[in-house]
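Chemist: take this sequence and fold it.
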Amino acid sequence: MTFEPVSADMTSFYKVLIRDAMCVMSELDRPDRSQIAEISSLTTLLIEACVPVEIFMDFLQRLHEELDEPIRPTEGDE
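Modeler: Reported below is the predicted structural model:
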């Protein structure tokens, strides 16, 4: 199963939907802005590339698992 190509209007709708979801994530104080931009870009690319649904769902599952882990400070954040 793969995502079927959609109209330009639907692609725009999906992009707005992703952007809105990323805004909600940022309000939850989860990933920083650069991570949110990266997640948004990856998700948009996966949709536009019409990847198999299994790959897309695996990506979302791994993302969900990563966001459930405690955020560890990186160098310089301490």
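
Chemist: quick one: contacts for residue 63?
Modeler: For residue 63, the contacting residues are residue 39, by CB atoms under 8 Å, 6 or more residues apart in numbering. Every C-beta, even on glycine, is put in place using the N, C-alpha and C of the backbone.

Chemist: which pLDDT value goes with it?
Modeler: At residue 63, the model reports a pLDDT of 74.

Chemist: state the three-state secondary structure for it.
Modeler: Following DSSP: H, G, I helix; E, B strand; the rest coil, residue 63 is assigned to helix.

Chemist: next SSE downstream of the lowest-mean-pLDDT helix or strand in the chain?
Modeler: Least confident helix or strand of the chain, by mean pLDDT, DSSP states H and E, is helix 8-27 with a mean of 71. Counting by DSSP states H and E, the next helix or strand C-terminal to helix 8-27 is helix 33-48.

Chemist: would you mind listing the buried residues in that following helix?
Modeler: Neighbour-count burial for helix 33-48, counted by 16 or more other CB atoms under 10 Å, picks out 35-36, 39-40, 43, 46-47.

Chemist: next, format those residues as TSV and append distance to residue 18.
Modeler: Shown next, in TSV, are the buried residues of helix 33-48 (distance: CB to CB, whole Å):
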residue	distance to residue 18
35	14
36	10
39	9
40	5
43	5
46	10
47	8
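
Chemist: show me which of the residues you listed is closest to residue 13.
Modeler: Proximity of those to residue 13, judged by CB to CB, is greatest for residue 47, which lies at 10.6 Å.

Chemist: I figured the closest one hits residue 14, correct?
Modeler: Yes. Using CB atoms under 8 Å, residue 47 is in contact with residue 14, at 5.4 Å.

Chemist: for the buried residues of helix 33-48, which one is nearest residue 56?
Modeler: Distances from residue 56 to the buried residues of helix 33-48, taken by CB to CB, are shortest for residue 46, at 5.3 Å.

Chemist: per-residue confidence for the spatially closest residue to that closest one that is not a sequence neighbour?
Modeler: In space, and not counting its chain neighbours, residue 46 is closest to residue 56: 5.3 Å by CB to CB, 6 or more residues apart in numbering. Per-residue pLDDT puts residue 56 at 73.
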